[in-house]
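Novice: Sharing a model that was predicted from the sequence below.
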Amino acid sequence: MKQLIILAVIALAGTAFAEVKLGYVDMQKAIQATKAGQKAKKDLETEFNKRKKTLQSKEDDLKKKGEELEKQAMVLSDEVRGKKQKEFQQAMMEFQQLVQKNQQEIQQQERKLTEPILKKLQEVIDETAKKDNYSVILEKRENGVLFSKAELDITDQIVKAFEAKK
């Protein structure tokens, strides 16, 4: 990312007499600020909470089974205890796989919901760059833009244009 910024600055330096206009967009903030992004977030939270409730129920059942196994361990024969421990471990593995599967499905759902929003945001950014004669518009990321003046942040402008676009 740093190399890309350096190359952009070098390329822009070559056009010494041309006016350089920079801006950046905080895409996460932009997504969350749009009505479509807020709806996607709400839908995702609803799905997540539903799945969380189901997983919590299964986890509670496993805890009870584990506690019962511990209580019975002393009175069970080695063979029966070993069999029950193996069954419990299998159930734990299945639960962990279910949790992982749910996490992947939630991530897929998030991508599915945000992809059209990102596509439309990119169109709005392109239109804004051409209309307002920007040389470069960067994406503000955690490891990307380390510092910039607040007036270079065009996120709110992009969100307004997004909402106005049909």
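Specialist: Sure, I can see it.
Novice: C-alpha from now on. contacts and neighbour counts both.
Specialist: Noted.
Novice: Could I get the pLDDT score of residue 149?
Specialist: pLDDT recorded at residue 149 is 86.
Novice: For it, grab the count of nearby residues.
Specialist: 8 (other CA atoms under 10 Å).
Novice: And residue 156, by the same measure?
Specialist: 15.
Novice: CA atoms of the helix or strand hosting it as PDB?
Specialist: Counting by DSSP states H and E, the element that carries residue 156 is helix 155-164. The C-alpha trace of helix 155-164 is given here as PDB (Å, rounded to 0.1, in the frame of the first residue of the first chain):
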ATOM      1  CA  THR A 155     -16.700  10.400   2.900                       C
ATOM      2  CA  ASP A 156     -19.800  12.500   3.800                       C
ATOM      3  CA  GLN A 157     -19.900  13.900   0.300                       C
ATOM      4  CA  ILE A 158     -19.800  10.400  -1.100                       C
ATOM      5  CA  VAL A 159     -22.500   9.200   1.200                       C
ATOM      6  CA  LYS A 160     -24.800  12.100   0.200                       C
ATOM      7  CA  ALA A 161     -24.200  11.400  -3.500                       C
ATOM      8  CA  PHE A 162     -24.800   7.600  -2.800                       C
ATOM      9  CA  GLU A 163     -28.200   8.400  -1.200                       C
ATOM     10  CA  ALA A 164     -29.200  10.800  -3.900                       C
END
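Novice: and it, what's its mean pLDDT?
Specialist: Model confidence over helix 155-164, given as mean pLDDT, is 94.
Novice: what's the answer for stretch 75-92, then?
Specialist: For stretch 75-92, mean pLDDT rounds to 88.
Novice: chain center to it: distance?
Specialist: 40 Å (CA atoms, centre = their mean, to the nearest Å).
Novice: Show me which residues of it are buried.
Specialist: 81, 84, 85, 88, 92 (16 or more other CA atoms under 10 Å).
Novice: now stretch 150-166
Specialist: Using 16+ other CA under 10 Å as the test for burial, stretch 150-166 gives 153, 154, 155, 158, 159, 161, 162.
Novice: got JSON lines for the buried residues of stretch 75-92, with distance to residue 105 too?
Specialist: Formatted as JSON lines, the buried residues of stretch 75-92 follow (distance: CA to CA, whole Å):
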{"residue": "81", "distance to residue 105": "36"}
{"residue": "84", "distance to residue 105": "31"}
{"residue": "85", "distance to residue 105": "30"}
{"residue": "88", "distance to residue 105": "26"}
{"residue": "92", "distance to residue 105": "20"}
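Novice: For residue 147, what is the enclosing helix or strand?
Specialist: Judged by DSSP H and E, residue 147 forms part of no helix or strand.
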